[in-house]
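K.L.:
Take a look and give me a structure for this.
(chains A and B)
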Amino acid sequence: DQQVKQNSPSLSVQEGRISILNCDYTNSMFDYFLWYKKYPAEGPTFLISISSIKDKNEDGRFTVFLNKSAKHLSLHIVPSQPGDSAVYFCALHSQGGSEKLVFGKGTKLTVNP
Amino acid sequence: DGGITQSPKYLFRKEGQNVTLSCEQNLNHDAMYWYRQDPGQGLRLIYYSQIVNDFQKGDIAEGYSVSREKKESFPLTVTSAQKNPTAFYLCASSIFGAGNQPQHFGDGTRLSIL
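P.N.:
Got it, this is the predicted structure:
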């Protein structure tokens, strides 16, 4: 039973356009939402996060949106650059003591020059 | 520079053999984690430790063991009981008690069966 779903395994966009990566979840106990970026044969690196008390957080070209009623999280990258090509994982933190994260399966983003 | 070091980068295991993956961090983080990644899959939690001399099973702990004798180190042993060990293994750490702090990852160890 997947608590966190990234329904698009891959996404291809043109350089300069917007990339939108989506993540859906089922558990209302998640209180913190993170996005990680991963290149092949490397560990994931933290990109941006948002608390459940907010609906938007922006950091340069990256914006994360949270729709709690729909249990939906999205990452917008604009403008997209070829160096953004990587696998993007959403990771959700649950309330209540443990510092575990639940990861989605990832979306492979390809930004074409 | 502070960070997480995993070694070796590549590891090969013979049938029936136990192998140990190393993970060291100098970030002074309390919590450490081991994940497994298979092709097309997300990261699945094997074990985690929130404090020295204590650790908990994650979602797929069977066939694995860990120890946490020092704050900086969290080695993972893949035992012969793990029948499908071929995967990419990632170690991570985070500040304990800070759910809004991200986990920092090493560059992983790729384990294969000979």
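K.L.:
Strands of chain A, start to end?
P.N.:
A:4-5, A:10-14, A:19-25, A:30-38, A:45-51, A:56-59, A:62-67, A:72-77, A:86-94, A:101-103, A:107-112 (DSSP state E).
K.L.:
residues in contact with the fifth one?
P.N.:
Among residues not part of strand A:45-51, those counted as contacts by CB atoms under 8 Å, 6 or more residues apart in numbering or on different chains are A:31-38, A:56-57, A:59, A:62-66, A:73, A:75, A:88, B:100, B:102-105. The C-beta positions use only the backbone N, C-alpha and C, and glycine is treated the same way.
K.L.:
what about 10 Å?
P.N.:
Applying CB atoms under 10 Å, 6 or more residues apart in numbering or on different chains, the contact partners of strand A:45-51 are A:31-39, A:56-60, A:62-66, A:73, A:75, A:77, A:86, A:88-89, A:91, A:93, B:99-105.
K.L.:
Give me the angle between it and strand A:72-77.
P.N.:
Comparing the axes of strand A:45-51 and strand A:72-77 via axes from the mean of the first three to the mean of the last three CA atoms, to 10 degrees yields an angle of 130 degrees.
K.L.:
Setting aside sequence neighbours, what's the nearest residue to whatever residue of chain B ends up closest to chain A?
P.N.:
For chain B and chain A, the shortest gap (CB to the nearest CB) falls at B:Phe105, measuring 3.2 Å. Leaving aside its sequence neighbours, B:Phe105 sits nearest to A:Gly43 (CB to CB, 6 or more residues apart in numbering or on different chains; 3.2 Å).
K.L.:
what sits against that neighbour?
P.N.:
By CB under 10 Å, 6+ apart, the residues touching A:Gly43 are A:36, B:3-4, B:6, B:35, B:37, B:43, B:88, B:90-92, B:103-108.
K.L.:
cutoff 7 Å now
P.N.:
B:Leu90, B:Phe105, B:Gly106, B:Asp107, B:Gly108 (CB atoms under 7 Å, 6 or more residues apart in numbering or on different chains).
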